[in-house]
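S.K.: Here is my input; please provide its structure:
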Amino acid sequence: MGVTELLLIGAVVFVIAGSVKGLVGIGLPTAAISMLTMVIDPRTAIAMGLVPIVVSNAWQVWTMGDIRGAFQRYWIFALALGLSVFITVVLSAEISDRVIFLALGLSIVSFAVLNLRFTMPRLPDRFDKLGQLGFGTAGGILGGLSGVWVAPVIMYMSARQVPKDEFVRAVGLLLLIGGVPFALAYVQQGFLTPELGVVSLALVVPTLLGFSLGARLRSRLSNEKFRKLVLYVFLILGLNLLRRGIF
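M.R.: Numbering: from 1, shown residues only. Down below sits the predicted model:
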């Protein structure tokens, strides 16, 4: 598929994914990658989303503030996530698309189920460092295979029962920190070619347009009902990716 076709497909997908992010605050990589894999191979789909995902998370972190404080609180998680995601991409460079579909499907299904039904038991303060190390490593391994590592991040934050603003700030920071070594590993392995890099950079514009549209629609729609609808769609998409990985 040529650059023009990738740009056209990507623009449509990232307007939709950005709208979801703007409306309900979650799901940009989940929506974008799951939709793109319907028409292109998973490595290309993940590479196309790298720049928009990093930029959107950087913007989220910047607008929330207290970046230094959040990093001081979650540096163990960030270090474990960053190292494991880079190592996983390098070590899994030759794996088949089927394995990527399985990892991506597992990530998306976990993400949907966690946000729809599941409540994590509380993680005591004395186990916080161990929890950061474990969830961070799990997120890096899963993210290195699939490009989506949000589920372990949400599991940890839910287990720590952090306040809403802290949740948004910390999730954005950890997604950003995971995205940088992930992008570097994709470049180092040759998955993010110069052509795909240009496409990914160009897709920042439709992502921000979609984000702005979603934010405007937020006041007109029932946010919780739409959020649940989106999560059920993610669940179906994730199950379909699992099917593609198995059969």
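S.K.: low-confidence ranges in this protein?
M.R.: 24-26, 118, 218-219, 221-224, 226 (pLDDT under 70).
S.K.: so what's the residue in the chain sticking out farthest from the centre up against?
M.R.: For the chain, the largest distance from the centre (CA atoms, centre = their mean) belongs to R126, which lies 28.6 Å off. R126 sits next to no residue when contact means CB atoms under 8 Å, 6 or more residues apart in numbering. Bear in mind the C-beta positions are built from the backbone N, C-alpha and C, glycine included.
S.K.: gap between it and Q72?
M.R.: 19 Å (CB to CB, to the nearest Å).
S.K.: Could you list every helix and strand in contact with the helix or strand hosting A185?
M.R.: For A185, the host element (DSSP states H and E) is helix 164-188. Using 3 or more CB pairs under 8 Å, 6 or more residues apart in numbering; DSSP states H and E as the contact test, the elements touching helix 164-188 are helix 50-64, helix 67-91, helix 128-146, helix 150-160.
S.K.: Now render these as a markdown table, adding mean neighbour count.
M.R.: Formatted as a markdown table, the helices and strands packed on helix 164-188 follow (neighbours: other CB atoms under 10 Å):
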| stretch | mean neighbour count |
| --- | --- |
| helix 50-64 | 20 |
| helix 67-91 | 18 |
| helix 128-146 | 22 |
| helix 150-160 | 22 |
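S.K.: could these be laid out in CSV, adding distance to K228?
M.R.: CSV is the format used below for these (distance: least, CB to CB, whole Å):
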stretch, distance to K228
helix 50-64, 22
helix 67-91, 28
helix 128-146, 23
helix 150-160, 16
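S.K.: closest to G22 out of those?
M.R.: When those are compared by CB to CB, helix 50-64 sits nearest G22, at 9.6 Å.
S.K.: what helices or strands is the closest one leaning on?
M.R.: Using 3+ CB pairs under 8 Å, 6+ apart, the elements in contact with helix 50-64 are helix 3-24, helix 28-36, helix 164-188, helix 194-202, helix 204-218.
S.K.: circling back: nearest to P42, out of the helices and strands packed on helix 164-188?
M.R.: Using CB to CB, the helices and strands packed on helix 164-188 put helix 128-146 closest to P42, at 7.9 Å.
S.K.: Thought G105 was touching A151, still the case?
M.R.: No. The criterion here is CB atoms under 8 Å, and A151 misses it with G105 at 11.7 Å.
S.K.: Just give me the neighbour total for S92.
M.R.: Neighbourhood size, S92 [other CB atoms under 10 Å]: 16.
S.K.: Same question for T37.
M.R.: Counted with other CB under 10 Å, T37 comes out at 23.
S.K.: ok, for it, nearest residue in space, not its chain neighbours?
M.R.: The spatial neighbour of T37 that comes closest, neighbours along the chain excluded (CB to CB, 6 or more residues apart in numbering), is A45 at 4.9 Å.
S.K.: ok, residues contacting the helix or strand that neighbour falls within?
M.R.: Element membership for A45, per DSSP H and E: helix 42-48. If you take CB under 8 Å, 6+ apart as the criterion, helix 42-48 is touched by 1, 6, 10, 32-33, 36-37, 40, 97, 100-101, 104, 146-147, 186, 191-193, 196, 199-200, 203.
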